[in-house]
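**Student:** what follows is a protein structure lacking sequence information:
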């Protein structure tokens, strides 16, 4: 019908600062780690004028690019973690990052907008990797976009939540590294929804999740045993492969 | 924080077929003209596999590009029609098409997916111009994205709905041109939410809205008088400036 299949050039309007330094551990949905605050820092060409009135909205839509998987392309069929990684569904029936154009969309509670020095937008529960390029921000229109009774296909299934226990060594690390309470909660929230890839659920092994907090990078070492996860240790991130 | 302000190249995944041939008359929000069916036709490289499972969702997110205003750029402050075109708010606090990257997002009821010959996705109440490039489709996740009690700022204000009356000449045209009932409803729905630009509300003049229906283009001539709109005539579209 339309022969003009020209491409569009999309420029970031800002970047996210978040505790998640790598894909592994990033919540699969916004809101799963509700203690996590992310900060969207707009680029200097976007002045305080651009966000005037935005704080009258409780929620904002954040459009972003799954920049870490750009080179990985996409597949017509994907195996959503919600379906145990077994059943395949069409990529447009999922929120998978491995999609044409690699566009992400998250609805997030707006916490605070700081326009003192550039524009910083604080949101709660972001499912972004640190450095994620943001390409648009829009207000949430509850009277149109809240459709409580809409069928949501397979996505409705609840994922089991793991009990998170702390190994003695990890408890010691909280003390020695003086990890603040908020960061301890973030670790717990990041692990209880089981960040392991579905195909590795049967492997009895340790996993390492890299998290950042107030300028420091940490390696969180954990294992999962049926319905419980054990935080085995928390270490200052060295960049070395641990296990 | 992030110096790599590289751009992203976004390719259409398909195009919309809709009755709206020009910006004027396109509903300002999805759902305002609920009789309007739009069809998203995916490009041939997107097979039926890509939408497998999507019909289990009642609503879909449609990401699109406001392609008709790409050359018009954007402004930090805009005057939303909801505020009578007087008060200015920041572009990111609105759904204005004149925004950085010109990205649109609409939540639409999914009516039907036809995979007989290419993939055609039928949605209800689309606020698209005919030929709009679609860049992503995602399922609506009610358990996350339905936030009924979220404050929605100024957007909450209700716009008055106009009574639509039909001039004798227009009634005659319905008969002569054999306009089907669905199309008559579409005309009414397109006019009752007052498509006039806010700054032209005080001008006593005629407006012409171009609408297409089943392969034919029509010019709908109407005027607005306080709280009533009068459809003055419906003509086969000629491409000539009427008034």
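**Tutor:** Now that the structure is in, tell me what you want to look at. Predicted model, so just to flag it, every value in this text is computed and none were measured. Numbers count the residues shown, from 1 in each chain, chains lettered A, B, ... in the order given.

**Student:** for chain A, which strand is longest?
**Tutor:** For chain A, the strand reaching the highest residue count under DSSP state E is reported as strand A:103-114.

**Student:** for it, packing partners?
**Tutor:** Under the contact criterion of 3 or more C-beta pairs under 8 Å, 6 or more residues apart in numbering or on different chains; DSSP states H and E, strand A:103-114 touches strand A:59-65, strand A:120-124, strand B:59-65, strand B:133-139. The way it works is simple: take the backbone N, C-alpha and C, and place the C-beta from them, glycine included.

**Student:** from residue A:96, how far out is the residue most central in space within chain A?
**Tutor:** Chain A has residue A:127 as the residue nearest its centroid, 1.7 Å off, counting by C-alpha atoms, centre = their mean. Separation of residue A:127 from residue A:96 (C-beta to C-beta, to the nearest Å): 13 Å.

**Student:** just residue A:12 next, same as before
**Tutor:** 21 Å.

**Student:** domain-wise, how is chain A divided?
**Tutor:** A:14-156, A:163-236 (automatic domain parsing).

**Student:** does chain B have contacts with the last one?
**Tutor:** Just to be clear, that refers to domain A:163-236. No: against chain B, domain A:163-236 shows no contacts by C-beta under 8 Å from any C-beta of the partner chain, the least distance being 12.1 Å.

**Student:** ok so, going back, tell me the strands beside the longest strand of chain A, with direction?
**Tutor:** Strand A:103-114 pairs in its sheet with strand A:59-65 (antiparallel), strand A:120-124 (antiparallel), by DSSP bridges.

**Student:** that one to strand A:133-139, inter-axis angle?
**Tutor:** Strand A:103-114 runs at 70 degrees relative to strand A:133-139, counting by axes from the mean of the first three to the mean of the last three C-alpha atoms, to 10 degrees.

**Student:** any buried residues in strand A:103-114, and which?
**Tutor:** Using 16 or more other C-beta atoms under 10 Å in any protein chain shown as the test for burial, strand A:103-114 gives A:103-110, A:113.

**Student:** need those residues in JSON lines (columns: pLDDT).
**Tutor:** Shown next, in JSON lines, are the buried residues of strand A:103-114 (pLDDT from 0 to 100):
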{"residue": "A:103", "pLDDT": "97"}
{"residue": "A:104", "pLDDT": "95"}
{"residue": "A:105", "pLDDT": "95"}
{"residue": "A:106", "pLDDT": "93"}
{"residue": "A:107", "pLDDT": "92"}
{"residue": "A:108", "pLDDT": "91"}
{"residue": "A:109", "pLDDT": "92"}
{"residue": "A:110", "pLDDT": "94"}
{"residue": "A:113", "pLDDT": "97"}
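
**Student:** and the closest residue to residue A:207 other than its chain neighbours, how far from chain B?
**Tutor:** Among residues not flanking residue A:207 along the chain, residue A:222 sits closest, at 5.7 Å (C-beta to C-beta, 6 or more residues apart in numbering or on different chains). Distance of residue A:222 to chain B, computed by C-beta to the nearest C-beta, to the nearest Å: 25 Å.

**Student:** list the contacts for residue A:222?
**Tutor:** A:191, A:206-207, A:209, A:229-232 (C-beta atoms under 8 Å, 6 or more residues apart in numbering or on different chains).

**Student:** mean confidence score for the helix or strand containing it?
**Tutor:** For residue A:222, the element it lies in under DSSP states H and E is strand A:216-225. Across strand A:216-225, pLDDT averages out at 88.
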